[in-house]
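> Sequence plus the predicted model coming up.
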Amino acid sequence: MGSDVKHSPPLDGRAERWREHRIARRVHLVDSAMTAFERHGPDANLQQIAHVAGMPKPKIYRHFDDKADLITAVGKRMRDLILEQLAVALRPGVTVRESLRLCLNAYFSIVTAYPNTARMLTSSPPPGRGRANAITENGRVVAKVLIAMTNKDLARAHVETDGVEPLTHAIVGSVLSASDWWMTQRAEDRMPVERLVEHLTTMLLGAARATLLTLDLDLDPDAVIRAEQLEDLAPGPHRRDGR
């Protein structure tokens, strides 16, 4: 071969191993933060998170800028868990009513599995960053999934869709607000989650039906969802390291 042929430099195995180590550390710290919130409450501090993680507190700053940065990663993890459950719940062959019920159950399965983490994410944010941004982003992502499904159906019917986005975001906001109220109740005074889901299902179907009536359409809660209505709605790949 001629001397002018250029060869690509060999991959640096050490750099790749270090990158994988940092990703694994971030995942471990997010896991540890969620464990600390569940163990110590929504105000768990970095020292408590470091103790759960089994590392000195200063090492956290090698992977996250500060607590707000870590909380943002926790919010993204909660978002991914919710989307994974929604992907299971959104399936063809069930009625609109049952699909909504399944989606609400999917959401509350995560909230009840990580109640203190959910409470932390819905509490008052520090100035400029953090908790409210994370929980709001969760709601926006879920809203985008619902908007995509609804817009597809209305487009097939050649109906204007400008009322869908405010309705969908109002629905998501209602669920977030209701779950926030529910979580702040004492455990012994809380409405059973099954009853809460039934109330929300009735309310949200009523709001959706009223909106569609303004477009001269009627929503049949007992209509069966078809496979084509759910095309391309699966959540995209996500990173467990919270980036």
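Arrived safely. Residues are numbered from 1 along each chain as shown.

> C-alpha from now on. contacts and neighbour counts both.
OK.

> any idea how far Ala223 is from Val94?
Per CA to CA, to the nearest Å, Val94 is found 8 Å from Ala223.

> With neighbour numbers in mind, choose between the two.
Using other CA atoms under 10 Å, the more surrounded residue of Val94 and Ala223 is Val94, with 17 against 13.

> Which residue is the nearest non-sequential neighbour of the more buried one?
Of all residues not flanking Val94 in the chain, Val224 sits nearest, at 5.2 Å (CA to CA, 6 or more residues apart in numbering).

> Phi first, then psi, for the one you found.
Phi and psi for Val224, reported as degrees, to the nearest 10, are phi -90, psi 130.

> partners of it in the sheet?
Thr95 (DSSP bridges).

> Okay, and Arg101 sits in which element?
helix 96-113 (DSSP states H and E).

> so how far is that helix off the chain centroid?
Distance, stretch centre to chain centre, for helix 96-113: 12 Å (CA atoms, centre = their mean, to the nearest Å).

> Quick check: the residue nearest to Val94 touching Gly93?
Yes. Assessed by CA atoms under 8 Å, Val224 is found in contact with Gly93 at 5.8 Å.

> Give the residues shared as contacts by these two.
With contacts taken as CA atoms under 8 Å, 6 or more residues apart in numbering, not a single residue reaches both Val224 and Gly93.

> Next secondary structure after the worst-scoring helix or strand of the chain on mean pLDDT?
Within the chain, confidence by mean pLDDT, DSSP states H and E is lowest for helix 131-156 among all helices and strands, at a mean of 64. Once the chain leaves helix 131-156, the next helix or strand it forms, by DSSP H and E, is helix 164-184.

> Next SSE downstream of that following helix?
Next along the chain after helix 164-184, taking DSSP H and E as the criterion, comes helix 193-213.

> what packs against that following helix?
In terms of contacts (3 or more CA pairs under 8 Å, 6 or more residues apart in numbering; DSSP states H and E), helix 193-213 is packed against helix 96-113, helix 164-184.

> Would you mind checking the average pLDDT for the lengthiest helix in the chain?
For the chain, the helix that runs over the most residues, judged by DSSP state H, is helix 13-40. Averaging pLDDT along helix 13-40 gives 88.

> List the buried residues of that helix.
By 16 or more other CA atoms under 10 Å, the buried positions in helix 13-40 come out as 23, 25-38.

> same question, stretch 164-183
164-165, 167-169, 171-173, 175-176, 179-180, 182-183.

> wait, which of the residues you listed is closest to Leu121?
Ranked by distance to Leu121 (CA to CA), the buried residues of stretch 164-183 are led by Asp180 at 9.9 Å.

> Mind pulling up the pLDDT for the closest one?
pLDDT, Asp180: 84.

> Isn't Ala223 up against Glu98?
No. Using CA under 8 Å, Ala223 makes no contact with Glu98, being 9.8 Å away.
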